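[1] Take a look and give me a structure for this.
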Amino acid sequence: MPDSLSPPQHHWVLPLAACVSDEWLPTVKAMPSTSFRNFGKLLQGMKEVHSDRGNVYSLSPPHERVLARALGLPATDGLIPWAAWQQLQAGGVRDSKAWAHITPCHWAMGREHATMTDPAALGLQEGESRTLLAAMQPYFETYGITLHYSEPTRWLAEGELFRDLPSASLDRVLGRNVAPWLPGAGMGPPGEFSVGPPQAKSTLKGSGETHEVAHVGATAMRLLQNEMQMLLYTHSVNDARAASRQATVNSFWISGSGALPENFSPRPQPDVTVSRSLAQAAFNDDWVAYAQAWAALDAGEAARLLALQQGGNTVRLSLCGERHALTFETAKTGIFSRMTKLFGQQPLSAVLEQL
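    Predicted structure coming up:
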């Protein structure tokens with residue numbers, strides 16, 4: 001279903017409005033109808049304007065694909081150039097260089113696999129982050145990558161390797177086994193690089209042959225992962241953190257890789273609100289907090305958008321799960337009564353189950 005040509009003034013994106021966890025549906029169905037009162041009224045005045053269909057193995061989750069479209073960014077799976085976009089928004093030069101986000105993080109090592117913990121929970125300070133970046137920079141430089149400090153748990157990395165290297169969003173791996181989401185997982189050859197969901201291969205043609213540049217970049221990233229784990233194991237920053245009973249930085253994550261198209265012209269910045277409370281509760285596997293977040297969102301942002309809509313404004317709502325996203329927009333008067341009847345016949349949970 002095509003998106004409308006002129007974006008509305010107000011657009012609300014709701015990540016993880018639906019989850020693949022076994023606990024999700026019972027949680028939503030057990031919630032009182034009052035938790036969705038404003039959502040229901042909001043949807044009664046809306047029509048569906050876009051349907052984004054995917055699967056749980058896509059590297060870019062539905063909410064990131066929705067945001068990419070809103071900003072006019074390319075939405076190739078695993079290659080939405082979020083890092084390139086960030087450096088441009090921060091005053092960088094508009095060019096076609098390749099960038100990625102590098103997140104210093106902690107992997108909880110289990111008996112069979114490593115689990116990504118929330119980088120925000122590290123409480124990493126700027127001084128610690130800059131010290132680690134300086135120690136890691138020479139290793140990255142050997143692969144043609146330059147690191148730039150942005151914030152404690154997110155750096156910018158510039159390097160041609162990132163141009164065709166698909167990477168998984170942090171929102172795909174938080175609280176989960178990292179192996180299926182590492183660069184190159186599913187690309188082959190059999191063994192370390194064939195674990196997890198399939199990823200698209202990007203190719204570069206030249207000199208009469210096709211080079212699997214994505215695989216080359218993935219191999220470089222895996223080598224860097226091993227080198228950094230050894231470096232970080234004995235680093236003084238981690239010694240100090242361990243002494244104060246803080247989690248150590250024992251790895252890094254790559255995401256937001258890719259390059260902006262040549263002559264990229266960004267769309268005017270839309271009024272987009274992204275609410276992260278549902279996602280945070282789901283990542284923590286806290287379904288009491290998840291239900292509470294729905295009630296708070298209904299009383300807050302849903303009520304605000306409903307008031308705007310009832311005041312004659314056109315608003316848009318994107319409900320995003322882990323597979324699909326549905327985007328709704330204020331309906332024109334001619335179809336308002338039909339849409340009221342449609343949404344009046346089904347609870348919000350039935351809409352969410354489509355995600």
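[2] Do you have the helices of the protein handy? List them.
    Along the chain, counting by DSSP state H, helices occupy 24-30, 37-44, 62-71, 82-89, 126-141, 170-173, 213-233, 236-243, 277-283, 287-297, 303-310, 333-344, 348-352.
[3] who does the second one touch, helix- and strand-wise?
    For helix 37-44, the elements it packs on are helix 303-310, strand 315-320, helix 333-344, helix 348-352, judged by 3 or more CB pairs under 8 Å, 6 or more residues apart in numbering; DSSP states H and E. For every residue, glycine as well, the C-beta is placed using N, CA and C.
[4] How about Trp107: what's its closest non-neighbour residue?
    Ala114 (4.0 Å; CB to CB, 6 or more residues apart in numbering).
[5] what's the pLDDT at that neighbour?
    On pLDDT, Ala114 comes in at 93.
[6] And it, how far from Asn238?
    Distance check for Ala114 against Asn238: by CB to CB, to the nearest Å, it reads 16 Å.
[7] Between the two, tell me which one has more neighbours.
    Higher neighbour count among Ala114 and Asn238: Asn238, with 20 against 17, using other CB atoms under 10 Å.
[8] count of neighbours near the closest residue to the more buried one other than its chain neighbours?
    Excluding the flanking residues, the one nearest Asn238 by CB to CB, 6+ apart is Thr248, at 4.1 Å. Neighbours of Thr248 under the rule other CB under 10 Å: 17.
[9] so who does Thr330 touch?
    The contact partners of Thr330, taken as CB atoms under 8 Å, 6 or more residues apart in numbering, are Pro8, Gly45, Met46, Gln309, Asn313, Thr314, Val315, Arg316.
[10] again, but for Leu319
    If you count contacts by CB under 8 Å, 6+ apart, Leu319 has them with Leu14, Ala17, Ala18, Ala325, Leu326, Thr327, Phe328, Val351, Leu352, Leu355.
[11] Let me know the pLDDT of it.
    For Leu319, pLDDT reads 97.
[12] Okay, and the beta partners of it?
    Residues in a beta bridge with Leu319, per DSSP bridges, are Leu14, Leu326.
[13] Tell me the spacing between it and Leu43.
    9 Å.
[14] hey, what's in contact with both of those two?
    By CB under 8 Å, 6+ apart, the residues touching both Leu319 and Leu43 are Phe328, Val351.
[15] In stretch 108-125, which residues are buried?
    Using 16 or more other CB atoms under 10 Å as the test for burial, stretch 108-125 gives Ala114, Met116, Thr117, Pro119, Leu122, Leu124.
[16] first vs last residue of that stretch, how far apart are they?
    One end of stretch 108-125 sits 20 Å from the other (CA to CA, to the nearest Å).
[17] Excluding residues flanking it in the chain, which one is nearest Tyr290?
    Nearest one to Tyr290, counting by CB to CB, 6+ apart, is Ala281 at 4.0 Å.
[18] Could you tell me which residues make contact with that neighbour?
    Applying CB under 8 Å, 6+ apart, we find Ala281 in contact with Trp287, Ala289, Tyr290, Gln292, Ala293.
[19] who's in contact with the fourth one?
    I take that to be Gln292. Residues near Gln292 by CB under 8 Å, 6+ apart: Ala281.
[20] Do you know the pLDDT at it?
    Gln292 carries a pLDDT score of 97 in this model.
[21] I'd like the distance from the residue nearest to Leu165 when sequence neighbours are not counted to Leu79, if you could.
    Leaving aside its chain neighbours, Leu165 sits nearest to Gly217 (3.6 Å; criterion: CB to CB, 6+ apart). According to CB to CB, Gly217 stands 11 Å off from Leu79.
[22] which of those two has more neighbours?
    Between Gly217 and Leu79, counted using other CB under 10 Å, the more crowded position is Gly217 (27 against 24).
[23] ok, how many other residues are close to Thr314?
    Other residues within reach of Thr314, judged by other CB under 10 Å, total 18.
[24] That one is in contact with Gly45, isn't it?
    No - contact criterion CB atoms under 8 Å: Thr314 and Gly45 do not qualify, at 10.2 Å.
[25] Please determine how far Gly175 is located from Met31.
    22 Å.
[26] Of the two, give the one with the bigger neighbour count.
    Neighbours were counted for Gly175 and for Met31 using other CB under 10 Å; Met31 has more, 19 against 13.
[27] so what's Leu14 up against?
    Going by CB under 8 Å, 6+ apart, the list of residues near Leu14 reads His63, Val274, Ser275, Leu278, Leu297, Leu317, Ser318, Leu319, Cys320.
[28] How about Arg65?
    Contact analysis of Arg65 by CB under 8 Å, 6+ apart lists Asp52, Gly54, Ala75, Ile80, Ala325.
[29] Please apply the same query to Leu355.
    Counting by CB under 8 Å, 6+ apart, Leu355 has contacts Ala17, Ala18, Pro62, Leu319, Cys320, Gly321, Glu322, Arg323, His324, Ala325, Leu326.
[30] So which of these is the closest to Arg222?
    Arg222 lies nearest to Glu322 out of those, by CB to CB, at 25.6 Å.
[31] any idea how far Ala120 is from Leu174?
    From Leu174 across to Ala120, the span is 10 Å (CB to CB).
[32] same thing with Val66?
    Val66 sits 22 Å away from Ala120, going by CB to CB.
[33] cool, and Met46?
    Computed as CB to CB, the Met46 to Ala120 distance reads 33 Å.
[34] now swap in Ser318 and tell me
    Distance of Ser318 to Ala120, given as CB to CB: 24 Å.
[35] Need the buried ones from the contacts of Thr330 selected in PyMOL.
    Provided next is the PyMOL selection string for whichever of these are buried by 16+ other CB under 10 Å:
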select buried, resi 8+45+46+309+314+315+316
